[in-house]
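Novice: following is a predicted model, sequence given first.
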Amino acid sequence: MTVRMLISFSAFVTALCLMGCGQPVTALLTSTTTAAPVVKPSLWAGAWGNAMTNASATAESSGSDQSFRFLVTPTLGGTQERVRFSNVYGTTPVTLGAARLSVGQDGSSAVDPTHDVALAFAGQPGVTIPPGQVVVSDPVSLAFSYGQTLAISVYLKGSFGPVSHHNSLFITNYRSPQNSGDHTADTTGASYTETLGEWLLVNRVDVYGPYQGTLAMFGSSTTDGFKSDYSSDKVYPVPNTPVPGQHTQRLSDWMGRRLNAAGYQIGVVNEGVSGDTVTDDITNTTNNVKNANQRIAQDVLTLPNLVGIVSYFGSIDIRSPDCKSAPAIEAATEQLIATAHAANAPMILATIPPSAFCSNPAQANYGPLPSAANPYAGAATDPVPNGGELQRIALNTWIRQTASTLPGVVGIADLDQALHDPNRPSFLLAPYNSGDNFHPNGNGYQAASQAVPLTALPKP
């Protein structure tokens, strides 16, 4: 028996030496059992996007035979892209005479000439977008990394406008003078002598590769990022002030950073529209925008490989001239959830942080309002609270206890819990308050992004 055992062990050692003598036995054993790496299939994902607001007649949304250079900050890097242009609210055709995608730089109209490609549309250098329609470019190959700025250069041929647009809030875009022609190939940016604060027609940048899909941030001005450029220097009721150059601290920007750091390959697209509601409210008529139920199919369900929707609506409904009640908002939210669920789009519902005092004396929910004399008036703990604040609390209770159980709802982003002041729950925490007690500042948006449950998303 001893001889047999020695022969067996000798054979085993010989076999290992054939595989590579001198290596640890554990390493050799491991090398024979390591599984092949999982290769993720390639698909399209939204790296950047916005929601067209309207086509109101402004000096920026109309013009004649000029070029534009729009800067965007994608939430994914990429090597293959396509660009979507939307004239969904336009009333006349608009012609893209030429368009290019480049690596740009914040605060400059110049682009990197080594990372600059022409866009084509069904093989042609230009295309006409009919009113109410969208067009998507052919795929192009442009290598860029997460964190880099992209520039989309567009030559609008002939007279145009008003065209669909979205306020770029804090990002400076560039244009050539009217009737100056096609300057899309100008990499120095010298032709772009004028600036504007709108994205015209530019609707989305998609990337193709081993991504997981797209996460939509769907809501009103807080989703859009209003006052995310504000500091945390002052303490409410003293308002904070804008920080020059601070334009990547919106909720979608922070979500992009968080997902990227955690190893996710999910693009985050901002579908916020300032002043938007979920109910059929007078605010939408005043602002000439669709409410959430009217625009979800257009703005959200068209996103490529949608893995989730973070929905934040209700604050505008409560503080609009209509001063909507919690039950009305709940009914409209149920409709929104049902629409998403029917499209197999998982929804994460956000609670409403302090932001919703009713200010219309003609409405039943009207009550005391914060003022210079009493910046904390109207709180739920006051002897006479503002009715809008009571509706906000009731709506949040419904979101946490009832809406969270509805089919299609996969998580709750408790923005109220993340942002309210524990000592004054009807008000934003001072370091997160832009100063109007409606919108967070940059730090507040970061805190809000941490409230989104990543467990509701596909694992990296």
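Specialist: Great, that's in hand.

Novice: show me what counts as buried in stretch 379-397.
Specialist: Across stretch 379-397, burial judged by 16 or more other C-beta atoms under 10 Å covers 379, 385-393, 395-396. No exception for glycine: its C-beta is placed from N, CA and C like everyone else's.

Novice: didn't Phe170 look like it was pressed against Asp229?
Specialist: Yes: between Phe170 and Asp229 there is a contact at 4.7 Å, judged by C-beta atoms under 8 Å.

Novice: common neighbours of these two, please.
Specialist: 242, 246-247 (C-beta atoms under 8 Å, 6 or more residues apart in numbering).

Novice: by neighbours, which of those residues wins?
Specialist: Using other C-beta atoms under 10 Å as the neighbour criterion, His247 leads those with 22 neighbours.

Novice: just the pLDDT at the closest residue to that residue other than its chain neighbours, thanks.
Specialist: Leaving aside its chain neighbours, His247 sits nearest to Phe170 (3.6 Å; criterion: C-beta to C-beta, 6 or more residues apart in numbering). pLDDT, Phe170: 92.

Novice: what's the domain layout of the chain?
Specialist: Annotated domains of the chain cover 46-205, 210-456 [automatic domain parsing].

Novice: nearest to Val39, out of the ones you listed?
Specialist: Closest of these to Val39 is domain 210-456, at 7.5 Å (criterion: C-beta to C-beta).

Novice: quick one: average pLDDT of the closest one?
Specialist: pLDDT averaged over domain 210-456 gives 97.

Novice: quick one: distance of it to the chain centre.
Specialist: 13 Å (C-alpha atoms, centre = their mean, to the nearest Å).

Novice: how about stretch 40-59?
Specialist: Distance, centroid of stretch 40-59 to centroid of chain: 9 Å (C-alpha atoms, centre = their mean).

Novice: how long is it end to end?
Specialist: When the termini of stretch 40-59 are compared using C-alpha to C-alpha, to the nearest Å, they are 46 Å apart.

Novice: just the helices in this protein please.
Specialist: Ranges of helices in the chain, per DSSP state H, are 2-20, 25-31, 221-224, 251-261, 282-287, 292-299, 315-319, 326-342, 387-401, 415-419, 442-450.

Novice: let me have those helices in a markdown table, extended by distance to Val268.
Specialist: Listed next are these as a markdown table, based on distance: least, C-beta to C-beta, whole Å:
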| stretch | distance to Val268 |
| --- | --- |
| helix 2-20 | 46 |
| helix 25-31 | 38 |
| helix 221-224 | 11 |
| helix 251-261 | 5 |
| helix 282-287 | 24 |
| helix 292-299 | 14 |
| helix 315-319 | 21 |
| helix 326-342 | 17 |
| helix 387-401 | 22 |
| helix 415-419 | 16 |
| helix 442-450 | 9 |
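
Novice: mind checking which of those is nearest Pro130?
Specialist: The nearest among these, by C-beta to C-beta, is helix 292-299 at 15.6 Å.

Novice: which parts of that closest one are buried?
Specialist: 292-293, 295-296, 299.

Novice: packing partners of it?
Specialist: Here helix 292-299 touches strand 213-219, helix 326-342, going by 3 or more C-beta pairs under 8 Å, 6 or more residues apart in numbering; DSSP states H and E.

Novice: what's around the nearest residue to Val235 once chain neighbours are set aside, how many residues?
Specialist: Counting by C-beta to C-beta, 6+ apart, Ala430 is the residue found nearest to Val235 once chain neighbours are left out, at 4.7 Å. Counted with other C-beta under 10 Å, residues neighbouring Ala430 total 17.

Novice: and the residue lying closest to Ala418 once chain neighbours are set aside, what does it touch?
Specialist: The shortest distance from Ala418 to any non-neighbouring residue, by C-beta to C-beta, 6+ apart, is to Ala451 (4.1 Å). Listed by C-beta under 8 Å, 6+ apart, the contact partners of Ala451 are 350, 413-415, 417-418.

Novice: again, only using 6 Å
Specialist: 413-415, 418 (C-beta atoms under 6 Å, 6 or more residues apart in numbering).

Novice: on that earlier part again, and of the buried residues of stretch 379-397, the nearest to Leu259?
Specialist: Asn396 (25.6 Å).

Novice: right, and that closest one touches Asp416 too?
Specialist: Yes: between Asn396 and Asp416 there is a contact under C-beta atoms under 6 Å: 5.5 Å.

Novice: shared neighbours, those two?
Specialist: Thr351.

Novice: looking at it, Val273 is touching Asn50, isn't it?
Specialist: No: using C-beta under 6 Å, Val273 is not in contact with Asn50; the gap is 8.9 Å.

Novice: who has more neighbours, those two?
Specialist: Val273 (29 against 23).

Novice: partners of Arg100 in the sheet?
Specialist: Beta bridges link Arg100 to Ala118, Ser153 when assigned by DSSP bridges.

Novice: middle-most residue in the chain, spatially?
Specialist: Asn270 (1.9 Å; C-alpha atoms, centre = their mean).

Novice: ok, now which ones touch that residue?
Specialist: Taking C-beta under 6 Å, 6+ apart, one finds 217, 252 in contact with Asn270.

Novice: if I look at it, how far off is Ala185?
Specialist: 29 Å (C-beta to C-beta, to the nearest Å).

Novice: the closest residue to Gly161 other than its chain neighbours: neighbour count?
Specialist: Leaving out its chain neighbours, the residue that sits closest to Gly161 by C-beta to C-beta, 6+ apart is Ser62, at 2.8 Å. Neighbours of Ser62 under the rule other C-beta under 10 Å: 17.

Novice: can I assume Ser62 is in contact with Val163?
Specialist: No: in this structure, Ser62 is not within contact of Val163 by C-beta under 6 Å, at 7.4 Å.
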